[in-house]
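Asks: coords please:
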Amino acid sequence: MNRLVRIALTLFIAASVLILLVLKRLERAKEMIGSQADSEVQMAYFGMGIVALMMIGGIVLLITAWVRSRKKPAGNE
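Replies: The predicted structure is shown next:
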């Protein structure tokens, strides 16, 4: 398997785990009152932003690997 694909898969797995952690934070935020709940929701948004960056990075790596595999070797012509 290509190195870029392995890195992309690792990013997708880490993003999936981070989504689960963010959902747990949101569940805890429902039980809180006042500024603590606002802080938890803000941290959840920050976590979702990180997840989005990881997903975009993984997609970029997959596209890069696909483009590199499509290039013809500049060897014998």
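
Asks: Give me the mean pLDDT for stretch 31-40.
Replies: The pLDDT scores in stretch 31-40 average 87.

Asks: Only the buried residues of that stretch, if you could.
Replies: For stretch 31-40, the neighbour count (16 or more other C-beta atoms under 10 Å) marks residue 40 as buried. Where you see a C-beta, it was placed from the backbone N, CA and C, and this is true even at glycine.

Asks: In space, what's closest to the residue nearest in space to the middle of the chain - neighbours in sequence excluded?
Replies: Centroid-nearest residue in the chain: residue 54, 2.7 Å away (criterion: C-alpha atoms, centre = their mean). Once flanking residues are discounted, residue 54 sits nearest to residue 15: 4.2 Å by C-beta to C-beta, 6 or more residues apart in numbering.

Asks: Packing partners of the helix or strand encompassing that neighbour?
Replies: Using DSSP states H and E, residue 15 sits in helix 3-31. Judged by 3 or more C-beta pairs under 8 Å, 6 or more residues apart in numbering; DSSP states H and E, the packing partners of helix 3-31 are helix 35-70.

Asks: Would you mind pulling up the elements that the helix it packs on packs against?
Replies: helix 3-31.

Asks: in the helix it packs on, what counts as buried?
Replies: 4, 5, 8, 11, 12, 15, 22, 26, 29.

Asks: these two touch, right, the third one and residue 61?
Replies: Yes - with contact taken as C-beta atoms under 8 Å, residue 8 and residue 61 are classed as touching, separated by 4.1 Å.
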